[in-house]
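Enquirer: Just to be clear, the model below is a prediction. Sequence and coordinates:
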Amino acid sequence: MDLLDLKDDEQLRAACISLQEQVMSLAGNQSWITEFQKWLVRVRDVSHEEFLSNDFQLALWDTEAVSATGMGRINISAVAENSAIAESLWQLKQKYAQTRDPSENEMLIADAWAQIAPAVAGLTKRNPRLKMYRVFALLCPGAFTSIAHHRKLRELAHALGLPLSGQRRHLHRLVLNRLNEVLGEVADIYSREGVSRLMLPWLMFVNYVQNPEGEATEISDLETGDEVLKPLPPERRRRGLLAIGGGTATIQSMIDFATDGCTREDFIQHLQSISPQSKTSTCNTQLNALIAEWGVLRANANNLQLTPRGEAFLESGDPDEVIDWMITRILGVDYLLAALRDTQLSNRDAILTLRKANPGWTTDFAPSAIIGWFRYLDLVTISEKVLNLTERGRQWVNRIHWQPKGLASIPGISPSLAQVAPVQLDIEIERPKLGALIARFDQEFRFPEELIGQLDAGLWGHTRRHFAVLTGLSGAGKTQLARNYALSLWQDDPEPSEGLLIVPVQPGWHDYTSLLGYVNPLESDAYVRTGVLDFLLQASANPTKPYTLVLDEMNLSHPEQYLAPLLSAMETGETIVFHGQVDEIDGVPPGIPYPSNLVIIGTVNMDETTHGLSDKVLDRASVIEFWDIEVKAFPGWQKSSLEDEQIALVRNLMSSLMDVLRPARLHFGWRTLNDVIGYLQQTQAGGVIEFSRALDHAIYSKILPKLRGEDSPRLQQVFTLLHATLKDAGLGMSLRKVKEMADDLAHSGSTRFWR
């Protein structure tokens, strides 16, 4: 529908006529008129005895003839059985029908409402305000519109230019009076024309006031009149709910300041007055949450004002005013509600369920915040760390008519972690026995059991300092050993990767900020976080589980520089300092005690691009060196698509080369074996390069470039044996290169592949 000014008489009249001609005539709305009219007549003509019966009362309270499906879903059986309430309703109906004075009718309704509403509220788990409006609309025809939801009625009244102060019930009469002004009064409210007039406000709200492209979380089917939730796709949703202390009461106290509108700056000062210890950046984050996560504030340039949702929530505090927004706009809310539809969930299972909705939630903080709000919003109860839906929760679950979906990809930014409590050193860390740990290793990487046992003993020989350095042959599987060990420590957890963080160390890390982050020098209230910082906070928050930090190629920079705070704290058990402020900055505490459940494994390659390890590092680490690998034990042989004869030839050649190169420590690891086999498989698939030529290429490109050294009897022996091995294998190109390098060694005293 076109945007009209409903305050203008002519435009309002045109809107009403358009609705009557184009919308009211739809089959769904005609059925609504019929049902509404039937109930009005039924209530008018019912006998006193039938009216008081339990069956009639139950039908009266549960009928949706007045308002669309989705409004007022509360178990009302106890109210229907209460004869005193039924008699009060009968008296209201009778007196209203006998009174023609509008002011007297208003007094009748006010008195009846004041008497009945408390009695009804005392018999239900939730105040059935929407059902009350529907019942009163049938008892007092012409006094109420078909909009039972007060927020939506306020939005329509605002669009019509009507005053919004006074009792909620008065808005119904004001809206109907405004329509009477432009359309004239209806002679018989029980006629189809009369019922259509009562329905007109709802159709006007749906077609002219509700904005489907903006705040609307519900849409009305023009054919059936049913009102259904309108979810956003997961990619467009807000990523979680900000944790705010104090629950919904705090939200109300925050937004109360914006009742008459205010500037951003004034609102931030108000937030700081509520929580004086909060930084400006924290208050800005809270303001953004009130706008995007709660939908209770609207920003217009530098000014803020309450949305209709915000006005309604401020007035009533009813969670239903915001739950529709969260179900349709916040990632994970519908996902967890749907998961709780048929079963209860432990708190841990609920967290893991939410993390499926967003793979970017690699910590428990964001899911825990959502679960906390579920409790504040009366969607769940939590008893002994188990979540169960409340009656309100079940009613909202029943309105989820779609299959909730999560994000398909991992966002680049992980949610913030809250400040955590200090770790107690006497907490027992859960870790499997060595035999079970070895059994869970990936069979693709067959590490000797003694090597795994050596790593395990080296890491856990100290109560707090769990630090090992893996050094030796490049490509021998040092990083894979560390990775498999870390995952096996979490073998009984459904998300074992949570306990592992692999960080590729970069050249030029000269201080700890590369690992732990730093306070933004341009904005002192902002902290530049790192994955390691969040990992440390997570480890500190979950002290019974081991968390493994793998520093890959840790000596590309000086470890004693970038690891300095951790090296010191792991020795003394004192605090790891993140910044010098008293309070947290941007969610980062000043520091945490060194987590005794933190495992650090560094991998080291020694060549001209790396640095040696200082005594400060070596004194704290268990150094494990492995230079030897068993060529025949390489699991890639079984997975290769090469023919058996070709595999045997390559395996024997690589074993011979290993024996030749090992004395000079010029041999190779499993990575090289994998690359050689991969190259041969690709050339075989291509069908252009003959197998023996391809094998020659592979040896030339993967084995020979690492040959280098100064003249010595050992190196001379290597080249002599290597020449013989390549000659026997018929690898001409590689043989010529080795002869050239041997000549260089003899004439210049040194040799290298690159000339």
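Expert: Yep, it's here.
Enquirer: Residue 456: how many residues sit nearby?
Expert: Other residues lying near residue 456 total 19 when counted by other CB atoms under 10 Å. The way it works is simple: take the backbone N, C-alpha and C, and place the C-beta from them, glycine included.
Enquirer: Begin at 17 from now on, thanks
Expert: Got it, first residue is 17 now, which makes that one residue 472.
Enquirer: before we move on, which element is it in?
Expert: Using DSSP states H and E, residue 472 sits within helix 465-476.
Enquirer: Give me the residue at the spatial middle of this protein.
Expert: When the chain is reduced to its mean C-alpha position, the nearest residue by CA atoms, centre = their mean turns out to be residue 374, at 4.2 Å.
Enquirer: Tell me where the stretch 667-771 of the chain has strands.
Expert: If DSSP state E, counting those that start in this stretch is used as the criterion, the strands of the stretch 667-771 of the chain fall at 724-726, 766-768.
Enquirer: Could you list the low-confidence segments of the stretch 167-316 of the chain?
Expert: Low-confidence segments of the stretch 167-316 of the chain (pLDDT under 70): 182, 227-232, 236-242, 293.
Enquirer: related to what we said a few turns ago, helices or strands next to the helix holding residue 472 in the packing?
Expert: Helices and strands touching helix 465-476, by 3 or more CB pairs under 8 Å, 6 or more residues apart in numbering; DSSP states H and E, are helix 450-455, strand 482-488, helix 494-505, strand 614-620, strand 638-642.
Enquirer: who wins for proximity to residue 388 among the ones you listed?
Expert: Each of the helices and strands packed on helix 465-476 was checked against residue 388 via CB to CB, and the shortest separation belongs to strand 614-620, namely 26.9 Å.
Enquirer: Can I get that closest one as PDB, trimmed to CA atoms?
Expert: The C-alpha atoms that make up strand 614-620 are tabulated as PDB, following Å, rounded to 0.1, in the frame of the first residue of the first chain:
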ATOM      1  CA  LEU A 614      47.700 -24.300  29.800                       C
ATOM      2  CA  VAL A 615      49.900 -26.600  27.700                       C
ATOM      3  CA  ILE A 616      52.400 -24.900  25.400                       C
ATOM      4  CA  ILE A 617      54.100 -26.900  22.600                       C
ATOM      5  CA  GLY A 618      56.500 -25.100  20.300                       C
ATOM      6  CA  THR A 619      57.900 -26.500  17.100                       C
ATOM      7  CA  VAL A 620      61.400 -25.600  16.000                       C
END
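Enquirer: which element follows it toward the C-terminus?
Expert: Heading C-terminal from strand 614-620, the first helix or strand you meet, by DSSP H and E, is helix 631-634.
Enquirer: if you average pLDDT over that next one, what comes out?
Expert: Averaged across helix 631-634, the pLDDT comes to 83.
Enquirer: do the same with stretch 505-513
Expert: If you average the per-residue pLDDT over stretch 505-513, you get 84.
Enquirer: swap in stretch 721-739?
Expert: Within the predicted structure, the mean pLDDT of stretch 721-739 is 90.
Enquirer: now do stretch 534-554
Expert: 87.
Enquirer: can you list contacts of it?
Expert: For stretch 534-554, the external contacting residues (CB atoms under 8 Å, 6 or more residues apart in numbering) are 295-298, 378-380, 430, 432-433, 436, 514, 517, 519, 530-533, 563, 565, 592, 594-595, 597, 601-605, 608, 611, 614.
Enquirer: Could you export the strands of the stretch 667-771 of the chain as CSV, including mean neighbour count and distance to residue 655?
Expert: Putting the strands of the stretch 667-771 of the chain into CSV (neighbours: other CB atoms under 10 Å; distance: least, CB to CB, whole Å) gives the following:
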stretch, mean neighbour count, distance to residue 655
strand 724-726, 15, 32
strand 766-768, 16, 34
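Enquirer: With distance to residue 734 added, can I get these in a markdown table?
Expert: Formatted as a markdown table, the strands of the stretch 667-771 of the chain follow (distance: least, CB to CB, whole Å):
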| stretch | distance to residue 734 |
| --- | --- |
| strand 724-726 | 8 |
| strand 766-768 | 10 |
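Enquirer: Tell me which of those sits nearest to residue 493.
Expert: Proximity to residue 493 (CB to CB) singles out strand 724-726 among the strands of the stretch 667-771 of the chain, at 23.3 Å.
Enquirer: counting contacts, what elements does that closest one pack onto?
Expert: With contacts defined as 3+ CB pairs under 8 Å, 6+ apart, the secondary structure elements packing on strand 724-726 are strand 766-768.
Enquirer: May I have the strands that pair with the strand it packs on, each with its orientation?
Expert: Here strand 766-768 is paired, per DSSP bridges, with strand 724-726 (antiparallel).
Enquirer: Run through the residues that contact residue 588.
Expert: Taking CB under 8 Å, 6+ apart as the contact definition, residue 588 lies against residue 610.
Enquirer: How much space separates it from residue 581?
Expert: When distances are taken as CB to CB, to the nearest Å, residue 588 and residue 581 turn out to be 11 Å apart.
Enquirer: Contacts for the helix or strand containing residue 565, please.
Expert: Taking DSSP H and E as the definition, residue 565 sits inside strand 563-568. Contacts with strand 563-568, where a contact means CB under 8 Å, 6+ apart, come from 495, 498-499, 501-502, 505, 515-521, 548, 551, 554-555, 575, 579, 611, 613-619.
Enquirer: Just after it, pick out the following helix or strand.
Expert: Next along from strand 563-568, by DSSP H and E: helix 575-578.
Enquirer: Could you list every helix and strand in contact with that next one?
Expert: Contacts defined by 3+ CB pairs under 8 Å, 6+ apart place helix 575-578 against helix 631-634.
Enquirer: How confident is the prediction for the closest residue to residue 739 other than its chain neighbours, by pLDDT?
Expert: If you skip the residues right next to it in sequence, residue 739 has residue 754 as its closest partner in space, 5.5 Å away by CB to CB, 6 or more residues apart in numbering. pLDDT for residue 754: 91.
Enquirer: buried ones in stretch 101-118?
Expert: Of the residues in stretch 101-118, those buried under the neighbour-count criterion (16 or more other CB atoms under 10 Å) are 101, 102, 104, 105, 108, 109, 111, 112.
Enquirer: hmm, who's touching it?
Expert: Outside of stretch 101-118, the residues within contact range by CB under 8 Å, 6+ apart are 59-60, 64, 67-68, 73, 76, 95-96, 121, 124-125, 128, 131-132, 135-136, 151-152, 155-156, 159, 189.
Enquirer: can you check stretch 401-410 too?
Expert: Contact with stretch 401-410 is made by 90-91, 141-142, 335-336, 339, 353, 356-357, 360-364, 366, 387, 390, 393-397, 413, as judged by CB under 8 Å, 6+ apart.
Enquirer: In helices, which of those residues appear?
Expert: Secondary structure assignment (DSSP state H) places 336, 339, 353, 363, 364, 366, 387, 390, 413 from the contacts of stretch 401-410 within helices.
Enquirer: Just give me the neighbour total for the fourth one.
Expert: Read that as residue 363. Taking other CB under 10 Å as the neighbour definition, residue 363 ends up with a count of 16.
Enquirer: Check the third one too.
Expert: Taking other CB under 10 Å as the criterion, the count of residues near residue 353 is 24.
Enquirer: where does it land on pLDDT?
Expert: In this model, residue 353 is scored at 96, pLDDT.
Enquirer: got it, and the fourth one?
Expert: For residue 363, the pLDDT comes out at 87.
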